[in-house]
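# here is the input, now give the coordinates:
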Amino acid sequence: MDSNEYGDLAGFFSSNEWNCMNEYEKQRNFNILSNYRAMVKFDVLKYKISEVKVYKNQNDYM
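So this is what the prediction gives:
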């Protein structure tokens with residue numbers, strides 16, 4: 001896993017969380033981001049990540 005790939009995911013994970021992940025978890029999260037970007041590119045998403053984050057925070061019970 002390349003160190004720039006953390007830069008792409010830095011908005012989602014702290015550096016401590018990233019350092020605790022094994023290579024499989026890092027690759028999986030990078031693949032999720034890549035898939036998300038592809039769906040945005042082809043306009044197949046109903047909601048964008050920023051909208052989902054706001055919705056999640058409004059309904060957070062913890």
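# contacts, neighbours, all on C-alpha from now
OK.
# where along this protein do the helices fall?
3-9, 15-20, 23-41, 49-58 (DSSP state H).
# weakest of those helices by average pLDDT?
Comparing mean pLDDT across these, the weakest is helix 49-58, with a mean of 57.
# CA atoms of stretch 17-24 as CSV?
Provided in CSV are the C-alpha atoms of stretch 17-24 (Å, rounded to 0.1, in the frame of the first residue of the first chain):
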residue,chain,number,x,y,z
GLU,A,17,-6.6,4.3,13.0
TRP,A,18,-4.7,3.9,9.7
ASN,A,19,-1.6,2.6,11.5
CYS,A,20,-3.7,0.0,13.4
MET,A,21,-5.1,-1.4,10.2
ASN,A,22,-3.5,-4.4,8.5
GLU,A,23,-2.7,-4.4,4.8
TYR,A,24,-6.0,-6.2,3.9
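# buried residues, stretch 13-33. List them.
18, 26, 29-30 (16 or more other Cα atoms under 10 Å).
# now those in JSON lines, with distance to residue 39?
Converted to JSON lines, those look like this (distance: Cα to Cα, whole Å):
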{"residue": "18", "distance to residue 39": "24"}
{"residue": "26", "distance to residue 39": "20"}
{"residue": "29", "distance to residue 39": "15"}
{"residue": "30", "distance to residue 39": "14"}
